[in-house]
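[1] Show me the folded form of this:
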Amino acid sequence: MLSNELENVLPTHSPTPSLAPSRERDQTPHAHHATNDLVRRLPHSSRSRLVELCDEVTLRPRQMLQERNVLLQNAYFLENGAASLTARAGDCLPVEIQTVGAKDFIGIPLILGMRVSPHRCMVQVPGRALRIEADALIELVRGDVEIQKLLLRYVQATLIQSSQLAACNSRHSLQQRLARWLLVAADKLFSREIPLTHRCIAQALGVRRAGITSTMGEMEARGIIKQGRAQVEILDQSQLEQLSCNCSRVILSAHENSLNAANARQASNS
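    Just a heads-up that it's a prediction; the model follows:
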């Protein structure tokens, strides 16, 4: 059984503190108030068990939620706002491998039996999150099969998204990639207003800022987006979808397809 296998894989030693300083508890959230998509998908009993172990914390711009090769002290279920998961590319600037929002979970290595991450995660858009200590999450995953299954399905979704992102970045034009990024960011934020600068978007796509400025200018001239001070607003989503490659559809559908897979199997067997 998967739960038995995880008992042998998940570590049991206590973590040493990570680079992130400890924070005072803001408040203890109630299960029915949780807005994170993963938390909301859990059965009531599992959701309550998880939320009781969480602190609700405020996320500040550029706050580091995890650093590469540093022991993980906490995991996070984002309630709102957005963060960027990045990978190193030699001596070049980090490249974004996942935009993380209210549909997501930060702490995948803990689910896979690891205590460190090869990736950095930094807050880009301020918000709030449910924070749980690493050891508490590991024990919870061991003891609650519903939480275990949900988070493993989420891991599957991120694997699909990451592989599609790699293909997109190597094969498609900057215009297609930028359109794809804007669509995904809007989905993560549950908003057509994306409060990020050209510099942040350029770093996410691993390109020069001048290229982003030029391409976004063309989009604005066509009435697809509207640019403001450190903000982009999507005016015509249909046109933006036409500019984007098919990768945006694959990336956006991976979440629902993976998380609904178990329910679909149960329905077909009934």
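
[2] Show me the strands in the stretch 1-150 of the chain, by range?
    55-59, 64-66, 74-89, 92-100, 105-106, 120-133 (DSSP state E, counting those that start in this stretch).

[3] How about the contacts made by Met216?
    Leu178, His198, Ile225, Gln227, Val232 (CB atoms under 8 Å, 6 or more residues apart in numbering). Glycine gets a C-beta too; all of them are placed from N, C-alpha and C.

[4] Tell me how far His255 lies from Thr86.
    Look at His255 and Thr86: by CB to CB, to the nearest Å, they are 20 Å apart.

[5] just the contacts of Met216 now: which is nearest Leu205?
    Using CB to CB, Leu178 comes nearest to Leu205 of the contacts of Met216, at 6.6 Å.

[6] Work out for me the element the closest one sits within.
    helix 174-189 (DSSP states H and E).

[7] What residues does the residue nearest to Arg209 when sequence neighbours are not counted make contact with?
    Spatial nearest neighbour of Arg209, excluding adjacent residues (CB to CB, 6 or more residues apart in numbering): Ala202 at 4.2 Å. Counting by CB under 8 Å, 6+ apart, Ala202 touches Arg208, Arg209, Gly211, Ile212.

[8] go again using 10 Å as the cut-off
    Leu93, Leu178, Arg208, Arg209, Ala210, Gly211, Ile212, Thr213 (CB atoms under 10 Å, 6 or more residues apart in numbering).

[9] can you redo the strands of the stretch 1-150 of the chain as CSV with distance to Val145, mean pLDDT and mean neighbour count?
    Shown next, in CSV, are those (distance: least, CB to CB, whole Å; pLDDT from 0 to 100; neighbours: other CB atoms under 10 Å):
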stretch, distance to Val145, mean pLDDT, mean neighbour count
strand 55-59, 25, 97, 18
strand 64-66, 26, 96, 22
strand 74-89, 18, 93, 22
strand 92-100, 25, 84, 18
strand 105-106, 17, 96, 24
strand 120-133, 18, 96, 21
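
[10] Relative to Gln161, which of those is closest?
    strand 92-100 (6.6 Å).

[11] ok, Arg171 - how many residues close by?
    By the criterion of other CB atoms under 10 Å, Arg171 has 11 neighbours.

[12] pretty sure it contacts Arg180?
    No - counting by CB atoms under 10 Å, Arg180 is not a contact partner of Arg171; they are 11.7 Å apart.

[13] Quick check: neighbours shared by these two?
    By CB under 10 Å, 6+ apart, the residues touching both Arg171 and Arg180 are Cys245, Cys247.

[14] Please point out which parts of the helix holding Leu178 sit buried.
    175-189 (16 or more other CB atoms under 10 Å).

[15] nearest to Gly81, of these?
    Leu189 (7.8 Å).

[16] Now do the closest one against Pro43, distance only.
    For Leu189 relative to Pro43 (CB to CB), the value is 27 Å.

[17] Could you spell out which stretches of this protein belong to which domain?
    Domain assignment for the chain, taken from automatic domain parsing, gives 2-166, 173-244.

[18] and these, which one is worst for confidence?
    Looking at the domains of the chain, the lowest mean pLDDT belongs to domain 2-166 (a mean of 84).

[19] so who does Glu220 touch?
    Taking CB under 10 Å, 6+ apart, one finds Lys226, Gln227, Val232, Glu233, Leu235 in contact with Glu220.

[20] and the strand or helix carrying it with helix 174-189, angle?
    Element membership for Glu220 (DSSP H and E) is helix 209-221. Helix 209-221 and helix 174-189 meet at an angle of 80 degrees, taking axes from the mean of the first three to the mean of the last three CA atoms, to 10 degrees as the criterion.

[21] hang on, the earlier thing: can I get the contacts of Ala202 in a markdown table with distance to Leu152?
    Output for those, formatted as a markdown table (distance: CB to CB, whole Å):
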| residue | distance to Leu152 |
| --- | --- |
| Leu93 | 32 |
| Leu178 | 32 |
| Arg208 | 38 |
| Arg209 | 38 |
| Ala210 | 42 |
| Gly211 | 38 |
| Ile212 | 36 |
| Thr213 | 41 |
